[in-house]
Every structure is written in C-alpha cells, then in structure tokens.
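*Asks:* Would you be able to build a 3D model of this:
(one chain, ligands or ions: 1)
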Amino acid sequence: MLLTCDRIHKPLIWGNTLPSLDLLIVGQGLIGSLLAHAAADAGLEFTVIDDGHEDAASLAAAGLMTPFTGRRFSAPQNLETLLDIARRRYATLSERLNAPLYRPQPMIRVFTLDEEHRRHARQRQTAAGARLLGPIQPAGHGPAGMPDPMGSCRIEGGGQVDVATLLQQTRAWLMASGRLQQARLQPAELTLLAEGCQWQEHSARLCVLCTGHQARHWDAFRGLPWRLSRGQALILRRETTMPLEVVHAGRTLAPLDEGRAWFGATYEHDLDKRGPDPGARETLLDDYQRLFPEAPAPEVLDQIGGIRAGSRHGPPFAGLTSNDPALGLLDGFGSRGTLLGPWHVDRFVERFTNNTLATLKP
Ligand SMILES: Cc1cc2nc3c(=O)[nH]c(=O)nc-3n(C[C@H](O)[C@H](O)[C@H](O)COP(=O)(O)OP(=O)(O)OC[C@H]3O[C@@H](n4cnc5c(N)ncnc54)[C@H](O)[C@@H]3O)c2cc1C
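*Replies:* Now for the predicted structure:
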C-alpha cells in the first residue's frame, strides 16, 4: 500500500529497487547532529534536512550536563552509564570536529528549601549519589557573593557542552560531504511506503524526525504524551566577581567563555509567544539581584529562548509509528538532551541496524 503523511498518493522514484539511503534525518539540533555522527560511525548512508536552525531549542541551552536536577535532585536510572557514554561521545566529537566541545564542570547547588535537604540526603544513599553528591556545606561556604543561609553542596561528574559550536561544526562537516539539505520539510512532501520513504530526490529506508517540539504538529506524533515548556535565558557580560563554577539556586548562572555567562531559565506554558519577552527579562534580572544582592546590575548582551520538548512518561520518544514503519521519531529529551542524547542515539542506531526499533506508544 502507498502511504503519504497527508494521504496524497505520489509515485516513488525508486520503483522496484531499494531506497538509496538508510536514513533521512529531519532536524539538525543537538539530537539530529548526534544521530548524524552515530550513523556515520555505523557506516550508514544518510542525508540531514534542516531549516537553518529556525527553531532550535539547542541554541538556547546552557549545554549543562547535570547529574542531579530540580528540587528532587532527580537523576535518570542508569546515570553513571549515561554520563560515561556522553563524556566519551563529546570527546570523540571534539576530535572529529577539531573544537573543544566539552569541559568537565562541577556545579554548586545552593539550597533554598527544606525539602531539598531531605532529597539530597536520600540521593546520597544511592551508589551514584554517594560518589557524585558532596555533603552539605554550612551557610557561608557557598559561591562568592551569594547568600546561602540553608547551605550548599557540590555536584560532581557533570560538565558543559558547547552546543552552539557542536551544531555549527557538524553543519560544516555535513556540508563538506554533501549530506545536508537546507529546507523545511513539510509533512505533505514526504511519501511513505512500508519499505521506505521519499522526499524530493531522496529515498531512504527510514525518515526520522529530530525536530524538537515541531514534531508535535505532525499527525503521526500529535497523540504522544508531550511535556512542553518555553524557556528564556539571558546572556550576560561576564564579570570577574561572578563565580567560576556553575551555580544553581532556583536559577542557574553558568560561565560560557571569558566574556559571557548564561543566566536562566524561565519555565512558561504559553507556547504561542515568539521572540524575547520583556517580562521574562525583568523576572530573570530580579532573580539575579536576589541571588547576588551585592553585585552591580549585569549587562545583558542577549536574550534567547526556545521550547523544551519532553515526554510526560520520562524517557524520550525513540521508535517507529505504528501506521508508517518508514517514519520514526527521536525526540522528547526535555531539559536533558546533553546527558540523555548520546546513549539514546546509540541505541536508536543499533536497533535500526538490527531491525528491532519498537513502535511508539501514545
Ligand atoms: C532555555 C533552555 C535551556 C536549556 N538548557 C539545557 C541545558 O543546560 N542542558 C540540556 O541538556 N538541555 C537544555 N535544554 C534542553 C535542550 O535544548 C534540549 O534537550 C535539546 O537541545 C533538544 O535538541 P533537539 O535536537 O531535540 O531539538 P532542537 O534543538 O529544537 O532542534 C530541532 C531542529 O529541527 C529543525 N526543524 C524543525 N522542524 C523542521 C522541519 N520540518 N524541517 C527541517 N528542519 C526542522 C529546527 O529548526 C531545529 O534546527 C534547554 C532548553 C531551553 C529552551
């Protein structure tokens, strides 16, 4: 049976022969980039289609790979494996792309609620927590210039990925080998058959969307349990008085380079707004002043934002649609793309190669 996303039947150009590519990867944010590298390592033939990062959440991210996050100090189950695979992947990519893409970076967590003390104590009883979560330091031992009446702790094992450089260098790498198409793929332009897909002159065994929140607009993925939020952050001029470490106390301040620091982020549920919002800027600047009451008002160099696409069930979406076996999704990484991405991308490629990709469940 011949299928297309909008059910318009079009003839396939490959006729009785097999599709010429293994994968058509749609989206070159962090996940599409990681997938392209893993596919190349596995010897797969692929093309990446991206619209020029028109709507990339990856470009708003601080790139932090944080083992324990949120009030609950939550961590994914196989944390140490995820950290190990991610660190190795970013080291390999730094060599391939000839750019330092990752630096280990401890985080100082300043406590703001009693509940965090309890959660911290509970996580320290786990194997990963005992290794990576430092003890509570009493008030006055936290980052310079930051009041810490409830104390603070150090979180080891994480780091910071230079996501913008990773995307830029991967784009150049893809272009050099003729594997990048700059275009916005519309669902109606994609033809799907049981044995493959076709878009313009490209035919592949599988079309996989790595389009971040945009995938929720596709009929095939609309019914998935998305968890979506808009996040905005400020790029500040980095002052010598700012802490050297990544610090978190409800909001995060992370050094980016000699001259810039990232401060954020908001969690908003109005997904229709576009562009920098003055209200978010004001909220973030008020919070900065609350965190660093003695510091002068920071100079804002830029305001950035994007939509985080996560899954309400927790793990990302990685699999095939039930109706169209030539259409897949690798998405829904929420706020943890840097940590979860490398492991899930490797599993996706392995399962694609072994023909064991599972069907996505709503
Ligand atoms: C403010 C903020 C801060 C964050 N901080 C962190 C952090 O510190 N650490 C962390 O791990 N995560 C963080 N995240 C989450 C992180 O951004 C995601 O986990 C990850 O980057 C998502 O990558 P992605 O490739 O799935 O999606 P995206 O980065 O959104 O990439 C999708 C790409 O597909 C393109 N595209 C979409 N539709 C089409 C189409 N039809 N045709 C062609 N191209 C298309 C888009 O333009 C884009 O280039 C943050 C997110 C936000 C918003």
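*Asks:* so how far is Val345 from whichever residue of the stretch 251-362 of the chain sits closest to the ligand?
*Replies:* Closest approach between the stretch 251-362 of the chain and the ligand, counting by CB to the nearest ligand atom: Gly337, at 2.4 Å. C-betas here are computed from N, CA, C, even on glycine. For Gly337, the distance to Val345 under the criterion CB to CB, to the nearest Å works out to 10 Å.
*Asks:* Ok, Ala280 next?
*Replies:* Distance check for Ala280 against Val345: by CB to CB, it reads 31 Å.
*Asks:* Could you list which residues are in contact with Arg72?
*Replies:* Counting by CB atoms under 8 Å, 6 or more residues apart in numbering, Arg72 touches Arg119.
*Asks:* which parts of the stretch 1-150 of the chain sit against the ligand?
*Replies:* Among all residues of the stretch 1-150 of the chain, those adjacent to the ligand (criterion: CB under 6 Å from any ligand atom) are 26-32, 49-51, 53-58, 60-64.
*Asks:* quick one, helices of the stretch 201-350 of the chain?
*Replies:* Across the stretch 201-350 of the chain, reading from the start of the chain, the helices by DSSP state H, counting those that start in this stretch fall at 278-291, 337-353.
*Asks:* Can you flag which of the residues of the stretch 1-150 of the chain next to the ligand belong to helices?
*Replies:* Cross-referencing those with the helices (criterion: DSSP state H) gives 30-32 as the overlap.
*Asks:* Using JSON lines, lay out these together with neighbour count.
*Replies:* Shown next, in JSON lines, are those (neighbours: other CB atoms under 10 Å):
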{"residue": "Leu30", "neighbour count": "27"}
{"residue": "Ile31", "neighbour count": "31"}
{"residue": "Gly32", "neighbour count": "27"}
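*Asks:* okay, those residues in a markdown table with pLDDT next?
*Replies:* What follows is those, written out as a markdown table (pLDDT from 0 to 100):
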| residue | pLDDT |
| --- | --- |
| Leu30 | 98 |
| Ile31 | 98 |
| Gly32 | 98 |
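*Asks:* wait, which of the residues you listed is closest to Gln160?
*Replies:* Within the set of these, Leu30 lies nearest Gln160; the separation is 13.3 Å, counting by CB to CB.
*Asks:* Thought Thr170 was touching the closest one, still the case?
*Replies:* No - using CB atoms under 8 Å, Leu30 makes no contact with Thr170, being 9.4 Å away.
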